[in-house]
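kindly return the folded structure for what I paste below:
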Amino acid sequence: MVLYAISDIHVGHPENRAALESMPAHPDDWLILCGDIGETARHLAYTLHVLRDRFARIIWVPGNHELWTVPGRETVRGQAKYEVQVEVCRHFDVLTPEDPYVVWQGEGGRHLLCPLFLLYDYTFVPDHVSPEQAVAWAQETGIECADEHLLHPDPYPSLPAWCAARVALTERRLEEAKAAHDCPLVLINHFPLRRELAVLPAVPRFSVWCGTRRTEDWHVRFGASVVVFGHLHIRQTRHIDGVRFEEVSLGYPRQWQPERGAGGYLRRILP
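Residues are numbered from 1 along each chain as shown. The predicted structure is shown next:
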């Protein structure tokens with residue numbers, strides 16, 4: 001019994017759909033889908049239809065792409081778009097950040113699996129750049145995330161406000177979980193929890209859209225043994241303060257090798 005993870009499957013691309021459909025069955029194992037599966041509810045439903053019978057259990061967290069409202073494809077926005085995706089997951093009996101955390105009893109020892117839905121607040125910037133200046137600072141180098149046009153915070157007044165609300169809600173849940181369970185946690189979030197992980201050599205100022213400083217100490221504060229994330233499309237394993245951080249992206253077609261298929265990019269989280 002193994003806990004695997006993958007993110008950023010981006011099934012809007014035909015090559016990625018083909019790779020997904022070639023995923024081998026792991027009937028005794030669990031799978032974390034760590035965000036950016038696609039842009040629409042249909043993308044998510046298609047992916048879960050393909051994978052649900054190939055794994056014993058699936059856990060999903062949203063990425064920024066799942067929250068997009070693409071003109072001409074869907075009209076639902078913000079929190080309502082997230083809730084639509086959660087309902088898709090519930091149809092397939094897939095765990096989400098809105099469900100109780102579950103205890104992993106498989107190889108690697110007892111762990112509490114904690115799927116999180118956190119956003120970003122433009123604080124992954126140098127100290128001399130304020131969050132209010134962050135987008136303009138990135139634009140100086142010709143970079144702008146599509147989120148600025150497709151990710152809407154409704155009913156919150158801004159993405160930082162939505163992020164703050166999700167952080168506050170999640171902090172309370174994690175504090176309760178740590179008090180109630182005598183075991184390490186696996187923190188699962190699409191965006192990296194620490195600014196030092198949001199290093200993108202080709203587009204360094206894209207860090208603006210990569211997380212919040214509010215979570216910098218969560219791996220220690222909440223007793224995590226592993227933190228799973230995606231978003232960067234730069235697969236990596238890092239150890240910080242004795243905690244393992246796993247970036248588990250597949251990525252766009254140019255960023256992976258077709259001969260390996262999606263199954264070749266499953267990252268073993270436990271054991």
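
contact partners for L51?
L20, M23, L31, L33, I58 (CB atoms under 8 Å, 6 or more residues apart in numbering). For glycine as for every other residue, the C-beta is placed from the backbone atoms N, C-alpha and C.

closest one of those residues to P258?
Nearest to P258 among the contacts of L51 is L20, at 12.3 Å by CB to CB.

host element of H149?
helix 147-150 (DSSP states H and E).

the longest helix in the protein is where?
helix 159-180 (DSSP state H).

now do the helix or strand following that one: which elements does it pack against?
Next along the chain after helix 159-180, taking DSSP H and E as the criterion, comes strand 185-188. If contacts are counted by 3 or more CB pairs under 8 Å, 6 or more residues apart in numbering; DSSP states H and E, strand 185-188 sits against strand 111-115, helix 159-180, strand 224-229.

need the residues that contact the longest one.
Counting by CB under 8 Å, 6+ apart, helix 159-180 makes contact with 78-79, 97, 101, 112, 114, 116-122, 131, 147, 151, 153, 156, 185, 212, 214-215, 218, 222-223, all of which sit outside it.

host element of the closest residue to Y252 other than its chain neighbours?
Distances taken as CB to CB, 6 or more residues apart in numbering place H10 nearest to Y252, at 6.1 Å, with adjacent residues excluded. According to DSSP H and E, H10 maps onto no helix or strand at all.

count of residues packed around H10?
Other residues within reach of H10, judged by other CB atoms under 10 Å, total 24.

what backbone torsions are found at it?
phi 50, psi 60 (degrees, to the nearest 10).

buried residues of the longest helix of the chain, list them for me.
By 16 or more other CB atoms under 10 Å, the buried positions in helix 159-180 come out as L159, P160, W162, C163, A164, R166, V167, T170, L174, A177, K178.
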